[in-house]
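Colleague: model the following, please.
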Amino acid sequence: MPERWRQLGVLSLAELLALSLWFSASAVLPAVQQEWNLGAAGSAGLVIAVQLGFIAGTLASALGNLPDVWSPRSLMAGSAMLGAAANAALALWVDSLAPALALRVVTGAAMAGAYPPAMKIMATWFREGRGVAIGILVGALTIGSATPWLIRGLTALPWRHTLVAASGLAVLAAIVVVLLVREGPNRFPSARFDPRMALAVFRARGPRLACFGYFGHMWELYAMWAWIGLFLFSSAEAAGASGYAGMPPSTATFAVIASGALGCWLGGVASDRWGRTAATIAAMAASGVCAATIGLTFGGRPALTLALALVWGITVVADSAQFSTAITELSPPAYVGTALTMQTCVGFAITNVSIWLLLPVVNAVGWRWAFATLAIGPALGVVAMARLRAAPESLKLAGGRR
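Modeller: Numbers count the residues shown, from 1 in each chain. Got it, this is the predicted structure:
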């Protein structure tokens, strides 16, 4: 069906554009710190606020069964517009931390309507090859999340203009969804409002173990994405270098985060061919090793630091889409959207803890060992997915390929 590949392309484009809002504040954080005289707490607050908004948005969406009761296309387009408006308001009218935090919360809540519904739409187009399809979608999300770093690295735009540019991309995402995105022939059954279904994903053993694997993965992922830029800036400064392979640290940060798109595709191919649990266990083992060792390169040769960061960037998100794919295969069909949203909600709640804790750990032990604390998550995730692999429910995954 050529149409399903066209839909994969336009939906991935929409996701890339919409998710450019996510790390827009992180990309301009050094300039905001200087202008507003922000300390560590305020800086971390700007990063975490969008996570808190996303948690609130996904929780409300799951309790209301919104991705299953409402049109996921309408929900996605409206959410992209709301996020664009909140992000632009911060750029145009805000001069202090408190209103900035409030608007970042709104931006995060809007992203809750732009991310899980996209995965549900994609699942309606792909029964076979679903792991690759959702992997490509999450790869687009990864590039979108890194886009503000690219804008910052390739232009001399003031930080407010960088935020406005990200909002413009989100508006374009809404236009793409309205004009080009359609649901596929394999639609999920209609659902009725039932708030109890928000917790159903944790009752059955199969979905619960897939969620536990995802939670370990999330402990590592967003803390890495949030602070790898600061790590690269600090490491280059400590080494007396101006950048990495001719790139300023901001562009190197884009390269590291965006390299995850390759990991998402490879993870999807491996997942469909060899099984969901096999692919996720391999990715978490590799990323956990990177987390434990990258600090040892701090202040050393920039080429080595960048090389290991790129490997980490590829592996840290290679498994992400496959946890979501597993939920679409293990959950009640009528409430797949609710299950995806609830899984995402709890996972992002966990990211707040790891993002918030990392800077105090850096202050206590330095960058050399701080990232090693993130390896705890994938280690526990490996245990959860190994248990799922041994369970009979795993035969529902990838057509019997565990």
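Colleague: per-residue confidence at residue 332?
Modeller: Residue-level confidence at residue 332 comes out at 66, pLDDT.
Colleague: tell me which residues of stretch 313-333 are tucked away?
Modeller: Buried residues in stretch 313-333, counted by 16 or more other C-beta atoms under 10 Å: 313-332. All C-beta spots, glycine's among them, are computed from the backbone N, C-alpha and C.
Colleague: what's the first-to-last distance across stretch 238-253?
Modeller: 17 Å (C-alpha to C-alpha, to the nearest Å).
Colleague: next, the buried residues of that stretch.
Modeller: Residues of stretch 238-253 classed as buried: 239, 243, 244, 247, 248, 249, 250, 251, 252, 253 (neighbour count, 16+ other C-beta under 10 Å).
Colleague: same thing with stretch 219-238?
Modeller: Result for stretch 219-238 [16+ other C-beta under 10 Å]: buried residues 219-236.
Colleague: for this protein, which helix is longest?
Modeller: Longest helix of the chain, by residue count under DSSP state H: helix 205-239.
Colleague: now whichever helix or strand comes after that one, how far from the centre of its chain.
Modeller: Moving toward the C-terminus from helix 205-239, the next helix or strand (DSSP states H and E) is helix 249-258. Centroid separation for helix 249-258 versus its chain: 15 Å, with C-alpha atoms, centre = their mean, to the nearest Å.
Colleague: run the angle between helix 249-258 and helix 205-239 for me.
Modeller: 160 degrees (axes from the mean of the first three to the mean of the last three C-alpha atoms, to 10 degrees).
Colleague: lowest confidence element among the helices and strands of the chain?
Modeller: helix 66-69 (a mean of 64; mean pLDDT, DSSP states H and E).
Colleague: hmm, back to that, in helices only, show me the buried residues of stretch 313-333.
Modeller: 313-316, 320-330.
Colleague: farthest pair within these?
Modeller: Greatest spatial distance in these: 313 and 330, 28.4 Å, computed using C-beta to C-beta.
Colleague: look up how far residue 365 lies from the residue nearest to residue 40 when sequence neighbours are not counted.
Modeller: Distances taken as C-beta to C-beta, 6 or more residues apart in numbering put residue 359 closest to residue 40, at 5.3 Å, once the chain neighbours are dropped. Using C-beta to C-beta, to the nearest Å, residue 359 is found at 12 Å from residue 365.
Colleague: residue 363 and residue 357: what is the separation?
Modeller: In terms of C-beta to C-beta, residue 363 sits 11 Å off from residue 357.
Colleague: now swap in residue 243 and tell me
Modeller: 28 Å.
Colleague: next: residue 186.
Modeller: For residue 186, the distance to residue 357 - C-beta to C-beta - is 42 Å.
Colleague: same question, residue 168
Modeller: Taken as C-beta to C-beta, the span from residue 168 to residue 357 is 34 Å.
Colleague: ditto for residue 154
Modeller: Counting by C-beta to C-beta - residue 154 and residue 357 are separated by 32 Å.
Colleague: one more: residue 115?
Modeller: Residue 115 is 24 Å from residue 357, by C-beta to C-beta.
Colleague: which one of these two has more residues nearby?
Modeller: residue 115 (26 against 15; other C-beta atoms under 10 Å).
Colleague: give me the distance between the more buried one and residue 18.
Modeller: From residue 115 to residue 18 the distance is 8 Å (C-beta to C-beta).
Colleague: so which bits of the helix or strand harbouring the residue nearest to residue 40 are buried?
Modeller: Following DSSP H and E, one finds residue 359 within helix 336-365. Neighbour counts over helix 336-365 (16+ other C-beta under 10 Å) mark 336-352, 354-356, 358-359, 361-362 as buried.
Colleague: quick check: angle from that helix to helix 205-239?
Modeller: Going by the same axes, to 10 degrees, helix 336-365 makes 30 degrees with helix 205-239.
Colleague: so what does helix 336-365 touch, helix or strand wise?
Modeller: Secondary-structure packing of helix 336-365 (3 or more C-beta pairs under 8 Å, 6 or more residues apart in numbering; DSSP states H and E): helix 40-63, helix 66-69, helix 116-125, helix 205-239, helix 320-330, helix 367-370.
Colleague: need the ones you listed in CSV with distance to residue 102, can you?
Modeller: Below are these laid out as CSV (distance: least, C-beta to C-beta, whole Å):
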stretch, distance to residue 102
helix 40-63, 8
helix 66-69, 22
helix 116-125, 23
helix 205-239, 20
helix 320-330, 28
helix 367-370, 29
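Colleague: check those helices for me: which has the lowest mean pLDDT.
Modeller: Among the helices and strands packed on helix 336-365, helix 66-69 scores lowest, at a mean of 64.
Colleague: just after that one, pick out the following helix or strand.
Modeller: Next element after helix 66-69 (DSSP H and E): helix 72-93.
Colleague: buried residues in the helix or strand following that following helix?
Modeller: Sequence-wise, the next helix or strand downstream of helix 72-93 (DSSP H and E) is helix 97-111. By neighbour count on 16+ other C-beta under 10 Å, the buried set for helix 97-111 is 97, 100-111.
Colleague: what's helix 97-111 in contact with?
Modeller: 18-19, 21-22, 25, 36, 38, 42, 45-46, 49-57, 60, 79-80, 82-83, 86-87, 89-90, 94 (C-beta atoms under 8 Å, 6 or more residues apart in numbering).
Colleague: same thing with stretch 142-149?
Modeller: Stretch 142-149 is touched from outside by 15-20, 22-24, 26-28, 162, 166, 169, 225, 229, 250-251, 253-254, 256-258, 260-261, 264, 317, with contacts defined as C-beta under 8 Å, 6+ apart.
Colleague: list the buried ones in that stretch?
Modeller: 142, 143, 144, 145, 146, 147, 148, 149.
Colleague: any idea of the mean pLDDT for the host helix or strand of the second one?
Modeller: What it means is residue 143. Under the criterion of DSSP H and E, residue 143 resides in helix 130-154. Averaging pLDDT along helix 130-154 gives 79.
Colleague: for stretch 96-108, same thing?
Modeller: For stretch 96-108, mean pLDDT is 93.
Colleague: with just CA atoms, put that stretch into CSV.
Modeller: In CSV, the C-alpha atoms belonging to stretch 96-108 read as follows (Å, rounded to 0.1, in the frame of the first residue of the first chain):
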residue,chain,number,x,y,z
SER,A,96,10.8,36.8,34.3
LEU,A,97,10.9,33.2,35.5
ALA,A,98,7.4,32.7,36.9
PRO,A,99,5.3,33.4,33.8
ALA,A,100,7.9,31.5,31.7
LEU,A,101,7.4,28.4,33.9
ALA,A,102,3.7,28.7,33.5
LEU,A,103,3.9,28.9,29.7
ARG,A,104,6.3,26.0,29.5
VAL,A,105,3.8,23.9,31.5
VAL,A,106,1.2,24.8,28.9
THR,A,107,3.5,23.9,26.1
GLY,A,108,4.2,20.5,27.7
